[in-house]
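Peer 1: Need coordinates for the following:
(4 chains)
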There are 2 protein chains.
Amino acid sequence: MPTITDVCKLAGVSKATVSRVINGTGQVKESTRKVVFDAMETLQYRPNSLAQALANNKSNSIGLILSTFDGNYFGSLLREATNVAHDAGMQLIVTDGRNDTKLEIEAVNSLVDRRCDVIILYSRSLSEQDFADLKARISVPIVVINRCLKDQYSNAVCFDQQFATQLAMNHLLQKGHRDIACISLSLQSQTGQLRQQAYQQTLIEAGIEINPALLVEGDSQLGTGYQCCQKLIESGSPFSAIFACNDDMAIGAIKALHDAGIKVPEQCAVIGIDNEPLGQYIEPQLSSVELPIKAITHAAMQMALALAKGEATSTGTQEFRGKLVVRAST
Amino acid sequence: MPTITDVCKLAGVSKATVSRVINGTGQVKESTRKVVFDAMETLQYRPNSLAQALANNKSNSIGLILSTFDGNYFGSLLREATNVAHDAGMQLIVTDGRNDTKLEIEAVNSLVDRRCDVIILYSRSLSEQDFADLKARISVPIVVINRCLKDQYSNAVCFDQQFATQLAMNHLLQKGHRDIACISLSLQSQTGQLRQQAYQQTLIEAGIEINPALLVEGDSQLGTGYQCCQKLIESGSPFSAIFACNDDMAIGAIKALHDAGIKVPEQCAVIGIDNEPLGQYIEPQLSSVELPIKAITHAAMQMALALAKGEATSTGTQEFRGKLVVRAST
DNA sequence: CTGAAAGCGCTTACAG
DNA sequence: CTGAAAGCGCTTACAG
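Peer 2: The predicted model follows:
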C-alpha cells in the first residue's frame, strides 16, 4: 500500500505538506494542494489510521462491549450504534463479553490497548464495584448501559426496571388478576433481580400474599419461557396471569399454555417486557412494556461522542422509562 | 498510560529487552525477565496495540462487514464470529454496511485503513463485479459470505440457495400442493433472485404453470410477510401453500392467514427457510429448511484466520447445504 | 544476554 | 506557504 512518503515523492513536496492537505489544516497554496491531490489520486493513497492514531493519540473509535448478541434487542442496539458512529465519522469496534465477567474485563482491556477513545459497556454480570474498579484503573472514559450508577461522575444510561415492572403488574392487577405468576430473568443479573423484586413488591402493595410456587427463574430465551411455564402448570398452584420478564419468554410461555390446552387470555393472561416487533405477529398478540432501546442506545452514543471529543468529562446518568402496550394477550 | 519507556526506566533496561519479554522472543536472562515483569506489573503496563500493529505491519484484527443486524440470523453469526476470533486471539471489528453498496465499500476502505489483516464481507447488494473490483484494488484478503464465487482464487463460503428452495418446494409438491404461492426476499439481492428462480424452476419441472399473481416480493421482515400474504389473499388467485423465502416472513404470513380465518396447515400450508428457533414456538410450529449459519460462519472465520496468518493465499469457495425440517405448518 | 539505532506511517511545533 | 526534525510507542536486525 502506498504511504505518505510515496505521495511526497510523486508530488515533490514534504510530508508536512501532504499531511496538511490530508487534514485540511494550515495553509497550502492552491496549486500545490492540487498537485498533492493528484498524486494521492493516482496512487490511490489512503492514510494509515493506525499511524494517525498513534501520532494523534486519538483513534476515532468507540469500543462497544455487549453481553450477548441474542435477539432483536441487541440487533436494534447495534443498528443504532453503528448508525450514530458512522454519522460521527467514528469506527465502532464491537466485542462480545459472552456474559462472563472475566471475558468482559478482558474485552475492556483489549479495547483500551487499542486506544479506543471511549468504551460503551453493556454488562449483565459486572457488579457496581467492578465498574468502580474499572473506572479507577483505566483512563479511557466508560459509558455504562443498563445500570443506574448513583455516582454523578459516572456515565450511564439505564432503564427504570421497577417502573416497567409496575406498569406490567398494575395492568394485570387492574384486570382483576390476583394469582400472578412470574417467569424471571436470570437472577444473576441485576436486571433480573430488580424486576423480580418489583414483581413481589407490587403484589405486597396490593395486599396479595406471595406464593413462591409462582416464581420461576428463566434465562431470557424462548426455550426457558416454555419450560418455566410448564413448571408453573405442573406445580398445581393456580394462576390466571403470567408476568414474563421479557417478550421472548412470554412467547415461549404462550406456546406452553397452548400446548397444555390453556387459552390465552381467557384462562391465562400473559404480558412481557421489551415490546419486540414479533409480539404483533404471534397469536394472540402480546401485551408488553416498550423498552426504548433505540433511544437508550442513542443517548449512550451521544454521551460516548461527547466524552470522546473531550466535550465532557462526565455526563451523569440518564434514565429511561417504558410504556405499556396492551394487546390481545391480556 | 504507561509506555514501554516507563517500564525501561523502572526496570533499568533497554526497550529491546522489554520488547523481548513482552513478546517472549529472543533470549532474556531469567533475573532480568523478572525485573521487567515486576516493573510492568507495578506500572500496570499494557502494550499499545496500535504501535505494535504499526511496527509489525500486522494488527491482529479481523474486519467484519454485515449488511444488517436484523434478526436471529445475524445474532448467531456474530456470536460464532466473536467466539472464534477470541479463541484465536484476534480482535473482531464489526461494521454495518446498512445494505447500501456505497456504505459497504466505504466500510471496506475504513477497515483497510485500519490495517485489518483480513476482511469478511457479508453483502446483499454488491455484485460479482464489485467483488472483483474490490479484490483487485485492495491488498487485504477478503472472505465473502453468502456468495458462491466461481473464481478459484476467491475466498468464499456460501449456501446452496437452489437446493434449499428445492427442498422446501419438493416437500410442498409431495404433499400434493399445486397452487403454491411465493413470498420472495427483495429481488435486489442475489439470494432473493436465486430463491425466486428456483421456486419457478421447481414448478416448471413439476409441470405446473407459473401464476404471476402468486409471486409477491417482500423484504425479509415479519411485517412484509404479513402484508404480502394479505395481497395474496386479496388477489383472489387460489393457493393451498405458501413458500416464504425466510422464516420471519413465514411467521408474518401465518399471522395474516390466521387473521383472515384461514387455517394452517389445513387450508394453507406454510414453509420458510432459516429454521430459526422461534419457529418452534409459534402456532402451528413452522416447517423450514435449516440454514447452518453457525457452520457457515465458522468456515468463513477459519478461512479468515488462515489468510490472516498467511497460511493460505486463497481458499476457494466452500458451499453448504440445508436440510428439511418438517413441523406442523405443512 | 543486552543495547543503540533505525524504522513503521503519520503529525506538529518551529524556522524560514 | 513550505520543509526539516522530533515525536507517537512499539519491533528488530545488528553489534558487542
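Peer 1: Which residues does stretch A:50-64 contact?
Peer 2: A:49, A:78, A:81, A:85, A:89-95, A:108, A:111, A:114-120, A:122, A:140, A:301, A:304-305, A:308, B:48, B:50-51, B:53-54, B:59, B:114-115 (C-beta atoms under 8 Å, 6 or more residues apart in numbering or on different chains). C-betas here are computed from N, CA, C, even on glycine.
Peer 1: could you give the mean pLDDT of it?
Peer 2: For stretch A:50-64, mean pLDDT rounds to 95.
Peer 1: end-to-end on that stretch?
Peer 2: Across stretch A:50-64, the terminal residues are separated by 19 Å (C-alpha to C-alpha, to the nearest Å).
Peer 1: can it be found next to DNA strand C?
Peer 2: Yes. Contact of stretch A:50-64 with DNA strand C (C-beta under 7 Å from any atom of the strand) involves A:Ala51, A:Gln52, A:Leu54, A:Ala55, A:Asn56.
Peer 1: Please flag which of those sit within helices.
Peer 2: In helices, defined here by DSSP state H, the members of the residues of stretch A:50-64 next to DNA strand C are A:Ala51, A:Gln52, A:Leu54, A:Ala55, A:Asn56.
Peer 1: If we ignore the residues flanking it in sequence, what's nearest A:His298?
Peer 2: A:Glu80 (5.8 Å; C-beta to C-beta, 6 or more residues apart in numbering or on different chains).
Peer 1: Next secondary structure after the one helix or strand the one you found maps to?
Peer 2: For A:Glu80, the host element (DSSP states H and E) is helix A:71-87. Next along the chain after helix A:71-87, taking DSSP H and E as the criterion, comes strand A:91-96.
Peer 1: The helix or strand following that following strand packs against which elements?
Peer 2: Using DSSP H and E, the helix or strand that follows strand A:91-96 towards the C-terminus is helix A:101-113. Under the contact definition 3 or more C-beta pairs under 8 Å, 6 or more residues apart in numbering or on different chains; DSSP states H and E, helix A:101-113 sits against strand A:61-66, strand A:91-96, strand A:118-122, helix A:128-137.
Peer 1: can I get the CA coordinates of the helix holding A:Glu80 in PDB?
Peer 2: Extracted in PDB, the C-alpha atoms of helix A:71-87 (Å, rounded to 0.1, in the frame of the first residue of the first chain):
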ATOM      1  CA  GLY A  71     -32.400 -11.400  19.900                       C
ATOM      2  CA  ASN A  72     -33.900  -8.500  18.300                       C
ATOM      3  CA  TYR A  73     -33.000  -6.300  21.200                       C
ATOM      4  CA  PHE A  74     -29.200  -6.300  20.600                       C
ATOM      5  CA  GLY A  75     -29.800  -6.100  16.900                       C
ATOM      6  CA  SER A  76     -31.600  -2.800  17.400                       C
ATOM      7  CA  LEU A  77     -28.900  -1.600  19.700                       C
ATOM      8  CA  LEU A  78     -26.200  -2.500  17.200                       C
ATOM      9  CA  ARG A  79     -28.000  -0.900  14.300                       C
ATOM     10  CA  GLU A  80     -28.500   2.400  16.200                       C
ATOM     11  CA  ALA A  81     -24.900   2.400  17.500                       C
ATOM     12  CA  THR A  82     -23.400   1.800  14.100                       C
ATOM     13  CA  ASN A  83     -25.500   4.500  12.500                       C
ATOM     14  CA  VAL A  84     -24.600   7.100  15.100                       C
ATOM     15  CA  ALA A  85     -20.900   6.100  14.900                       C
ATOM     16  CA  HIS A  86     -20.900   6.300  11.200                       C
ATOM     17  CA  ASP A  87     -22.500   9.700  11.100                       C
END
